[in-house]
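S.K.: sequence and predicted structure are below.
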Amino acid sequence: MSQPLLDRTLNVSGAPECFRNEYDGLDKRTSRSASPNKDVFSLGCVFSEALVWSTLGAKGVEAYRLMRRASTEKIAELRRTAYSGCFHDGERVLSAVKLMHEEVRTSCGDDLPVLSDLALIIEDMLSSDSVRPSAPEVRRRLLRVIRDAVSTRDISKAGFELTILTVQRRVSTVS
């Protein structure tokens with residue numbers, strides 16, 4: 001029986017600054033400090049798969065996972081570990097992630113600029129800890145993209161205007 005989608009996503013969405021080499025003995029493992037922005041990276045992983053699914057469907061997500069798994073299997077520290085198929089190489093985002101985001105941008109072309117804008121935000125969320133945006137900055141940028149998409153009617157083309165407006169209202173009431 002296959003593992004549920006959420007469980008598979010959670011196994012691979014940790015930030016690179018949280019990576020520990022599983023092949024090191026317990027005595028060699030040191031604790032690594034990580035900022036709260038590690039959660040921004042993890043959310044970026046979830047958003048990345050959602051972006052791929054929204055443009056390329058379930059088969060696109062499966063291809064994306066296979067690309068990441070193939071990439072991480074080439075890295076000794078990640079091979080056959082819980083990190084296999086993750087979004088990073090232990091230090092930075094995988095090139096497979098960047099390639100898939102480029103595929104998303106190419107597949108939607110000029111028809112849905114909102115998806116290209118979202119891809120840029122997601123790529124920033126998956127950047128190194130020192131330049132990764134904070135959660136409030138991600139929120140500001142997402143709200144700006146949503147407002148722009150609603151005003152230009154890009155979202156209605158994608159068929160999820162009502163969903164985005166509902167999310168926008170919920171986010172506004174939380175803050």
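M.R.: Nice, thanks for sending it over.

S.K.: got a list of what the residue nearest to residue 134 when sequence neighbours are not counted touches?
M.R.: Of all residues not flanking residue 134 in the chain, residue 37 sits nearest, at 6.3 Å (CB to CB, 6 or more residues apart in numbering). The C-beta positions use only the backbone N, C-alpha and C, and glycine is treated the same way. By CB atoms under 8 Å, 6 or more residues apart in numbering, the residues touching residue 37 are 15, 129, 132, 133, 134, 135.

S.K.: which of those scores worst on pLDDT?
M.R.: Lowest pLDDT within those is found at residue 15 (70).

S.K.: quick revisit: could the contacts of residue 37 go into CSV alongside neighbour count and distance to residue 46?
M.R.: Output for the contacts of residue 37, formatted as CSV (neighbours: other CB atoms under 10 Å; distance: CB to CB, whole Å):
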residue, neighbour count, distance to residue 46
15, 23, 13
129, 16, 18
132, 20, 15
133, 17, 16
134, 12, 17
135, 13, 14
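
S.K.: which of those residues sits closest to residue 89?
M.R.: Closest to residue 89 out of the contacts of residue 37 is residue 15 (12.4 Å), distances taken as CB to CB.

S.K.: hang on, the earlier thing: which one of the contacts of residue 37 sits closest to residue 113?
M.R.: Nearest to residue 113 among those: residue 133, at 20.1 Å, using CB to CB.

S.K.: quick check: the closest one touching residue 122?
M.R.: No - contact between residue 133 and residue 122 fails when scored by CB atoms under 8 Å: they sit 10.8 Å apart.

S.K.: before we move on, back to that, looking at the contacts of residue 37, which are in helices?
M.R.: Under the assignment DSSP state H, the contacts of residue 37 contribute residue 135 to helices.

S.K.: save the contacts of residue 37 as a markdown table, and put in distance to residue 94 too.
M.R.: Formatted as a markdown table, these follow (distance: CB to CB, whole Å):
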| residue | distance to residue 94 |
| --- | --- |
| 15 | 13 |
| 129 | 16 |
| 132 | 16 |
| 133 | 20 |
| 134 | 23 |
| 135 | 23 |
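
S.K.: kindly provide the distance from residue 151 to residue 145.
M.R.: If you measure residue 151 against residue 145 using CB to CB, to the nearest Å, the figure is 11 Å.
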